[in-house]
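>>> sequence and predicted structure, then a few things I'm wondering about:
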Amino acid sequence: QKEVEQDPGPLSVPEGAIVSLNCTYSNSAFQYFMWYRQYSRKGPELLMYTYSSGNKEDGRFTAQVDKSSKYISLFIRDSQPSDSATYLCAMTPSGGGNKLTFGTGTQLKVEL
Amino acid sequence: GAVVSQHPSWVICKSGTSVKIECRSLDFQATTMFWYRQFPKQSLMLMATSNEGSKATYEQGVEKDKFLINHASLTLSTLTVTSAHPEDSSFYICSASEGSNEKLFFGSGTQLSVL
């Protein structure tokens, strides 16, 4: 079993839809949780950075962490075609500048 | 967020030649840099962790003599793929952090194609 599980998709939604992306993990030592967005043939871009359990909102993006269930989510409201990308979850026991464990990524396509 | 510059963005080389990829932190000092490779439709695979002024730490299965990493300053790390072969063709990405408690930012990646 992988340390971090993420549905690879592809996930296809209409423009304006609410998108829910999820990861589950097995290592209870993970404390810092991140979501990265990666466009094709580009480096990952940090979207959300959270510590421990709770919610964090930034514009159209909301990150949720439920440590008791070992489950994290990223919600995208009012999805746009420009949101079409691969979304990677990542996590680490210590700060985000340390070695991260990544999910496999979910490919999202937002259609007009 | 912080900017990490990676160069070149793509390179084509002949089998047997060496290729150097540069990773620079533009607006912060990176005590730690990481090097990844990524195959199509797969996640990032960590190759090595690079700390300024010391030898890189390589992940299991990554040949340190094949993938030479130099982190000579707090703003520059280089990855040299020595005697490249077609199986080394991949997307290589660097990342950098100002410290262990800080966020990790990625370069734009380098697509290496070995003929």
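Looks like it arrived, so ask away.

>>> how many other residues sit next to the residue in chain A positioned nearest to chain B?
Nearest to chain B, among the residues of chain A, is A:Gly97, at 3.0 Å (C-beta to the nearest C-beta). The C-beta positions use only the backbone N, C-alpha and C, and glycine is treated the same way. Per other C-beta atoms under 10 Å in any protein chain shown, the neighbour tally for A:Gly97 reads 23.

>>> interface residues of chain A facing chain B?
A:8, A:34, A:36, A:41-46, A:49, A:88, A:94-100, A:102-105, A:107 (C-beta under 8 Å from any C-beta of the partner chain).

>>> going through these, which ones are buried?
A:34, A:36, A:42-46, A:49, A:88, A:95-98, A:100, A:102-105, A:107 (16 or more other C-beta atoms under 10 Å in any protein chain shown).

>>> can you tell me which of those residues are in strands?
Of those, the ones assigned to strands by DSSP state E are A:34, A:36, A:45-46, A:49, A:88, A:102, A:107.

>>> quick one on the thing from earlier: so who does the residue of chain A closest to chain B touch?
By C-beta atoms under 8 Å, 6 or more residues apart in numbering or on different chains, the residues touching A:Gly97 are B:31-32, B:97-104.

>>> same check, this time on B:Ala30
B:4, B:52, B:74-75, B:77, B:96-98 are the contacts of B:Ala30 under C-beta under 8 Å, 6+ apart.
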